[in-house]
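[1] Mind folding the following:
(chains A and B)
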There are 2 protein chains.
Amino acid sequence: MSKLVREIVVLRYGHRDVRDYRVTSHCALVARAFGAKEIIVCGDTDESMKKSVDDITERWGGPFKVSFEEDWKTAFAKLKKKGFVFAHLTMYGEILIKKEKTLSKKQKICVIIGSQKVEREVYDKVDYNVSVTSQPHSEIAALAVFLDRIQKGKELEKKFKKSKLRIVPQEKGKRVINLNSLGGRK
Amino acid sequence: MSKLVREIVVLRYGHRDVRDYRVTSHCALVARAFGAKEIIVCGDTDESMKKSVDDITERWGGPFKVSFEEDWKTAFAKLKKKGFVFAHLTMYGEILIKKEKTLSKKQKICVIIGSQKVEREVYDKVDYNVSVTSQPHSEIAALAVFLDRIQKGKELEKKFKKSKLRIVPQEKGKRVINLNSLGGRK
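    Next comes the predicted model:
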């Protein structure tokens, strides 16, 4: 078996309070569901967004953390020191399918996703600028497909820790197990 | 070479004007970028959302269509008559990696994605309820990963017709070719 990425952090560039609430929430939930351990939101601090994501982590399991950093460069410097490799998702970057093999071998990856226009310095400082299609679409979609491909789909069956709820996949309808009533699951 | 899905339509269940503007726009752009030929938005008619997506299709190519249908059942019946198979994306459904091989062989697929709570009848009427992870996240992300997997990544290099702009992938920075000044591209 080939080694897979061990630690993934998502850096959300340029969050604006209220305006970006829903889209950044989607980014955070995708980061969590697709195996990242943290999203660092750069821009406005948005406690209500954090709370809604933390509530999901509380119920559906983790570990997952939402944190804030005013300036992306501070977050970048800290992660760089810890040995993270940086991949910035942009429609202008190199084609994902040409880079995913290399990226899937990295131990620690920080994925940068923008909202408003991303400044030139991001393009210059990162190790990879990667495009998930060379078409305009959605940073939420780009993040999900990127994480799915660099982890080769392994994340789709990830088990979360300390979850209170767990779904049992069904052909029709919904089935959710409340693990609390079973004494919790570690 | 194995045969791949030929025709993909996305059905967005339950769009609310203003409130869902950004998320439905993302869904539409993902549908386009990942190879669907149309998104049918069920719920409120939202001309400003349609316009912003049409503008992108105008510049970046197509074919891609945004249409509206008040009641999802009308859209469902029309597509059923044309031989479409229906896959509803829901965290409660069967695991994608167990279904993608079967789905990738279908000729015509309609992918249903919800926003607000989806009524029971959708679960019952569709051919497949499919989960992209059994975790709560984003219909935008679920749509992208679903389309990527059932098309085996072929859509990532899709060529669009009648585009005015085209990106040349770069390691750093941005390069866009204006095809109009080259006499256009068919």
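[2] Next one, pLDDT for A:Arg19 please.
    In this model, A:Arg19 is scored at 86, pLDDT.
[3] scratch that, A:Leu182
    66.
[4] who touches A:Gly14 in this structure?
    By Cβ atoms under 8 Å, 6 or more residues apart in numbering or on different chains, the contact set of A:Gly14 is A:Cys42, A:Gly43, A:Trp72, A:Gly114, A:Ser115, A:Gln116, A:Val118. For the C-beta atoms, the positions are set from N, CA and C on the backbone; glycine is no exception.
[5] just the buried members of the residues you listed?
    When the contacts of A:Gly14 are checked for burial by 16 or more other Cβ atoms under 10 Å in any protein chain shown, the buried set is A:Cys42, A:Gly43, A:Trp72, A:Gly114, A:Ser115, A:Val118.
[6] how about the first one, secondary structure?
    By that I understand A:Cys42. Using DSSP: H, G, I helix; E, B strand; the rest coil, the structure places A:Cys42 in strand.
[7] Settle this for me: it is touching A:Tyr13, isn't it.
    Yes: counting by Cβ atoms under 8 Å, A:Tyr13 is a contact partner of A:Cys42 at 5.5 Å.
[8] Can you pull the residues that touch both of those two?
    A:Trp72.
[9] Tell me where chain A has helices.
    Remark: helices assigned in chain A by DSSP state H are A:21-33, A:47-60, A:72-81, A:96-104, A:120-125, A:139-150.
[10] mind putting those in JSON lines, distance to B:Pro63 included?
    JSON lines is the format used below for the helices of chain A (distance: least, Cβ to Cβ, whole Å):
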{"stretch": "helix A:21-33", "distance to B:Pro63": "27"}
{"stretch": "helix A:47-60", "distance to B:Pro63": "37"}
{"stretch": "helix A:72-81", "distance to B:Pro63": "38"}
{"stretch": "helix A:96-104", "distance to B:Pro63": "24"}
{"stretch": "helix A:120-125", "distance to B:Pro63": "32"}
{"stretch": "helix A:139-150", "distance to B:Pro63": "20"}
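[11] Turn those into TSV, including distance to chain B.
    Formatted as TSV, the helices of chain A follow (distance: least, Cβ to the nearest Cβ, whole Å):
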stretch	distance to chain B
helix A:21-33	4
helix A:47-60	6
helix A:72-81	16
helix A:96-104	6
helix A:120-125	5
helix A:139-150	4
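[12] For B:Val23, which of the ones you listed is the nearest?
    For B:Val23, the closest of the helices of chain A is helix A:21-33, at 6.1 Å, according to Cβ to Cβ.
[13] now the angle between helix B:21-33 and the closest one, please.
    60 degrees (axes from the mean of the first three to the mean of the last three Cα atoms, to 10 degrees).
[14] any idea how far the spatially most central residue of chain A lies from B:Val18?
    In chain A, the centroid-proximal residue (Cα atoms, centre = their mean) is A:Ala31; its distance is 2.4 Å. Between A:Ala31 and B:Val18 the distance, using Cβ to Cβ, to the nearest Å, works out to 27 Å.
[15] Same question for A:Phe64.
    With distances taken as Cβ to Cβ, A:Phe64 is found 30 Å from B:Val18.
[16] Give me the more crowded residue out of the two.
    Using other Cβ atoms under 10 Å in any protein chain shown, the more surrounded residue of A:Phe64 and B:Val18 is A:Phe64, with 23 against 10.
[17] what's the span of stretch A:153-173, first residue to last?
    25 Å (Cα to Cα, to the nearest Å).
[18] So what's the residue count around the closest residue to A:Glu69 other than its chain neighbours?
    Distances taken as Cβ to Cβ, 6 or more residues apart in numbering or on different chains put A:Ala75 closest to A:Glu69, at 4.2 Å, once the chain neighbours are dropped. A:Ala75 has 22 neighbouring residues, counting by other Cβ under 10 Å.
[19] and the least confident of the buried ones among the contacts of A:Gly14?
    A:Ser115 (77).
[20] could you check the distance from that residue over to A:Trp72?
    For A:Ser115, the distance to A:Trp72 equals 12 Å [Cβ to Cβ].
[21] Same check on A:Pro136?
    A:Pro136 is 22 Å from A:Trp72, where distance means Cβ to Cβ.
[22] Any regions of chain A where pLDDT drops low?
    Residues of chain A that meet the criterion pLDDT under 70 lie in A:1-3, A:182-186.
[23] What is the neighbour count of the nearest residue to A:Asn129 once chain neighbours are set aside?
    Excluding its sequence neighbours, the residue lying closest to A:Asn129 (Cβ to Cβ, 6+ apart) is A:Gly93, at 3.4 Å. Other residues near A:Gly93 come to 25 when the count uses other Cβ under 10 Å.
[24] Who are the contact partners of A:Gly93?
    A:Gly93 sits next to A:Tyr128, A:Asn129, A:Val130, A:Ser131, B:Pro169, B:Gln170, B:Glu171 when contact means Cβ under 8 Å, 6+ apart.
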